[in-house]
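Student: Sharing a sequence plus its predicted fold:
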Amino acid sequence: MMKAIAPLAALALAACTNPAEETLGTPDPLPPLAQRHDAPQLAMLEHILGAYFSSDIANRPTVCASIHDGREEEALMPQQEIALIERFPNLAPLARCSRRSNGWIDTETQQPALVFTLHNFTCASEDSCSAWGGYISNGENSMSALYRGEWNGSAWEFTRDNRIIAE
């Protein structure tokens, strides 16, 4: 009886696989935004968010990204936000994060949110840019770090200076 069941079980298992799926494999990863010479601000945000999302933080809040115009956080241009969300599926559009008196919240879940922001972004030349970067969560700002980006001929490379602004 067991010999008769084995071929049927093999056929049943084979029916559960899709040969077309097996040939697809995993999709090619998106090229890093750092390879875009024309988008240093976007590449810098990708660098900062990449460090956060590659960490082993458990139970992450909703995360949004913004730029700071000197008065308040602003959303990125739609195509910039889409490019970052394609790389970081756990990133939400800034429209989903709302500032309240006690900090940022996710408007869908009403839970606390974390907003990464770049402020004072400036480029001394087309190959050298800098900005202060940090995050806001639970009504408190992180210590901002100065990020410098240099174009090496094929990609942006970033360094982080952790000195406090007054130093």
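Tutor: Perfect, I can see it now. Numbering: from 1, shown residues only.

Student: How much space separates the residue nearest to Ser98 when sequence neighbours are not counted from Cys97?
Tutor: For Ser98, ignoring the flanking residues on the chain, the nearest one in space by CB to CB, 6 or more residues apart in numbering is Thr107 at 4.9 Å. Placement of C-beta: from N, CA and C, glycine included. The spacing between Thr107 and Cys97, counted by CB to CB, to the nearest Å, is 7 Å.

Student: ok, back up a step: determine the number of other residues adjacent to the residue nearest to Ser98.
Tutor: Counted with other CB atoms under 10 Å, the neighbours of Thr107 add up to 15.

Student: Helices along the chain, start to end?
Tutor: Secondary structure of the chain (DSSP state H): helices at 2-15, 19-24, 40-53, 78-87.

Student: Comparing the ones you listed, which yields the minimum mean pLDDT?
Tutor: If the helices of the chain are sorted by mean pLDDT, helix 2-15 sits at the bottom with a mean of 42.

Student: List the beta-bridge partners for the nearest residue to Thr109 once chain neighbours are set aside.
Tutor: Leaving aside its chain neighbours, Thr109 sits nearest to Thr62 (6.9 Å; criterion: CB to CB, 6+ apart). On the basis of DSSP bridges, Thr62 is bridged to Ala113.

Student: My guess is Thr62 contacts Ala92. True?
Tutor: Yes. Using CB atoms under 8 Å, Thr62 is in contact with Ala92, at 5.2 Å.

Student: got any residues that touch both of those two?
Tutor: Asp106, Ala113 (CB atoms under 8 Å, 6 or more residues apart in numbering).

Student: Mind picking out the helix or strand in this structure with the poorest mean pLDDT?
Tutor: Within the chain, judged by mean pLDDT, DSSP states H and E, the helix or strand with the poorest mean is helix 2-15; its value is a mean of 42.

Student: Just list the residues touching Gly149, thanks.
Tutor: Pro40, Ala43, Met44, His47, Ser128, Cys129, Ser130, Trp156, Glu157, Phe158.

Student: Count the residues that sit near the second one.
Tutor: It stands for Ala43. Ala43, neighbours per other CB under 10 Å, totals 22.

Student: can you pull the contacts of it?
Tutor: Here Ala43 is in contact with Pro32, Leu33, Ala34, Arg36, Gly149, Ala155, Trp156, Phe158 (CB under 8 Å, 6+ apart).

Student: cool, Leu45 as well?
Tutor: Ala65, Leu76, Leu84, Phe116, Leu118, Gly133.
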